[in-house]
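In: Sequence and predicted structure below; questions after.
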Amino acid sequence: MAISDGTYPLAADRLFAGAPEHELKEALQRLSLKPDEVPVSEACLLVYAGDLVILVDTGMGPDLSPTAGKLLQNLKAEGIDPADIDIVVLTHCHSDHIGALTHAESKLAFPNARYVMWEEGWEFCMSKETRAEIQPDRVEFLDRKLLPIRDRLELLEEDGEIVPGIHAFGAVGHQPGHMMVEISSENEKLLYISDTLLHPLNLEFPDWYAVYDRDPEQAVAVRRELLKRAAAEGFLVHAFHFHFPGLGYIRRGGGAWRWEPFGGAAQGPIHSPANRSLRAVRGTCRASDLRHWPQPSIRRDQAWR
Ligand SMILES: [Zn+2]
């Protein structure tokens with residue numbers, strides 16, 4: 001089930017930092033997008049795996065944007081109690097993925113969950129070097145969100161199973177320790193790609209990396225590999241930042257990749273009740289065969305969000 005966290009505007013020159021200026025201008029005009037306000041959505045994923053309830057990413061939390069950080073209220077509207085969530089998987093520690101982990105006074109929002117992250121991602125977020133690079137308020141944010149889960153945290157060192165049918169794959173470039181999550185159910189497969197693609201324009205222009213991609217070259221390599229495999233294998237993709245619910249297929253035709261929304265749905269209004277959540281994957285899970293994403297090469301000199 002995809003659960004909306006809301007939508008907020010980003011500047012095009014940050015979201016598409018790698019784009020040649022004239023090409024970006026032309027693309028924005030074609031899509032009627034304002035350069036300062038490209039709408040970016042967020043949708044987390046809730047998976048029922050046997051008896052377990054698993055949440056992948058938590059969105060931005062209530063403090064950073066008036067129009068995002070709606071995960072907890074949308075879970076509630078669906079009748080889902082955060083206390084019933086058994087596992088929270090964090091694909092990386094950018095603020096828009098870890099923001100709902102705690103309430104005020106560092107109280108855990110998912111009090112009975114254990115947490116799963118990539119070890120390299122955790123170490124990156126906790127490192128002195130990273131902390132020296134970012135604004136003090138961001139350090140405080142990381143501490144407020146991440147330190148309270150430390151005792152319940154399971155760190156992954158390599159690609160592998162989280163629970164039967166749910167696998168994590170390292171997909172670094174966007175951030176050290178950034179991962180994708182594959183969910184298999186009978187003969188269906190869904191790949192939660194997190195921030196490997198940030199906008200549908202990334203299908204048309206895979207090389208347009210964002211300022212948020214810490215290692216742009218690596219991020220683009222992972223993105224191209226994903227596009228190739230998703231188009232060849234035809235599995236369902238969940239793109240966290242695409243228009244809600246972020247579910248669709250990557251198709252290849254006429255020498256280009258294109259996004260085909262799940263169910264062929266037209267893009268509807270962002271905050272209507274119908275767009276609050278969408279049930280897409282439910283059932284018991286099975287292992288899968290997707291392996292060997294490009295290996296990490298970490299650079300620490302790029303921008304941090
Ligand atoms: Zn993100």
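Out: Now that the structure is in, tell me what you want to look at.
In: what are the ranges of the helices in this protein?
Out: Residue ranges of the helices in the chain, as given by DSSP state H, are 12-15, 21-30, 71-77, 95-98, 119-126, 128-133, 136-146, 201-204, 216-233.
In: Mind listing what's buried along the last one?
Out: Across helix 216-233, burial judged by 16 or more other CB atoms under 10 Å covers P216, Q218, A219, V220, A221, V222, R223, L226, L227, A230, A231. C-beta coordinates here come from the backbone N, C-alpha and C atoms, glycine included.
In: Cross-check the contact I'm expecting between the first one and A19.
Out: Just to be clear, that refers to P216. No. Using CB atoms under 8 Å, P216 makes no contact with A19, being 11.7 Å away.
In: Now the closest residue to the ion within the stretch 1-150 of the chain. Nearest residue, chain neighbours left out?
Out: Residue of the stretch 1-150 of the chain nearest the ion, by CB to the ion: D96 (4.4 Å). Distances taken as CB to CB, 6 or more residues apart in numbering place M60 nearest to D96, at 4.6 Å, with adjacent residues excluded.
In: what number of residues lie near the one you found?
Out: For M60, the neighbour count with other CB atoms under 10 Å is 24.
In: got any ranges where the stretch 201-305 of the chain has weak pLDDT?
Out: 264-305 (pLDDT under 70).
In: Sorry, slip of the keys, the one I care about is the stretch 51-200 of the chain.
Out: Within the stretch 51-200 of the chain, the set of residues satisfying pLDDT under 70 is empty.
In: Might you enumerate the residues of it proximal to the ion?
Out: D96, D195 (CB under 5 Å from the ion).
In: The residue most central in space within the chain: what's it in contact with?
Out: Geometric centre of the chain, nearest residue: S194, 2.5 Å, by CA atoms, centre = their mean. By CB atoms under 8 Å, 6 or more residues apart in numbering, S194 lies in contact with D57, T91, H92, H97, A171, H174, H178, M179, M180, V181, F240.
In: Ignoring the adjacent residues along the chain, who's closest to it?
Out: T91 (3.8 Å).
In: Could you pull up phi and psi at that neighbour?
Out: Torsion angles at T91 (phi, psi; degrees, to the nearest 10) stand at phi -80, psi -20.
In: Give me the buried positions along stretch 71-86.
Out: L71, L72, N74, L75, I80, P82, I85.
In: how many neighbours does the nearest residue to H97 once chain neighbours are set aside have?
Out: Using CB to CB, 6+ apart and skipping residues adjacent in sequence, the residue nearest H97 is D57, 4.5 Å away. Applying other CB under 10 Å, we find 28 residues neighbouring D57.
In: do L156 as well
Out: When neighbours are counted by other CB under 10 Å, L156 registers 21.
In: got it, and A2?
Out: Look at A2: counted by other CB under 10 Å, it has 24 neighbours.
In: State the pLDDT value of it.
Out: Confidence at A2, expressed as pLDDT, is 92.
In: That one against P245, yeah?
Out: Yes. Here A2 reaches P245: they are 3.7 Å apart, a contact under CB under 8 Å.
In: What is the nearest of the contacts of S194 to A43?
Out: F240 (6.3 Å; CB to CB).
In: Setting aside sequence neighbours, what's the nearest residue to the closest one?
Out: S194 (5.3 Å).
In: roughly how far apart are that neighbour and G254?
Out: Remark: distance between S194 and G254 (CB to CB, to the nearest Å) = 28 Å.
In: Could you measure from the residue nearest to the centre of the chain over to D5?
Out: Counting by CB to CB - S194 and D5 are separated by 13 Å.
In: circling back to that earlier point, separation between the residue of the stretch 1-150 of the chain closest to the ion and I134?
Out: D96 is 15 Å from I134, by CB to CB.
In: try V88
Out: 23 Å.
In: Pull the contacting residues for the residue in the stretch 151-300 of the chain that the ion sits nearest to.
Out: With CB to the ion, the shortest gap between the stretch 151-300 of the chain and the ion falls at D195, namely 4.3 Å. Shown in contact with D195 (CB under 8 Å, 6+ apart): T91, H92, H94, H174, Q175, H178, Y212, F240, H241.
In: picking that back up, for the residue of the stretch 1-150 of the chain closest to the ion, the count of nearby residues, please.
Out: With other CB under 10 Å as criterion, D96 counts 24.
In: How many residues are close by the closest residue in space to W118 that isn't next to it in sequence?
Out: Excluding the flanking residues, the one nearest W118 by CB to CB, 6+ apart is G177, at 3.6 Å. The local packing of G177 (other CB under 10 Å) involves 25 other residues.
In: How about the contacts made by G177?
Out: Counting by CB under 8 Å, 6+ apart, G177 touches H92, C93, M117, W118, E119, E120, G121, W122, E123, F124, G170.
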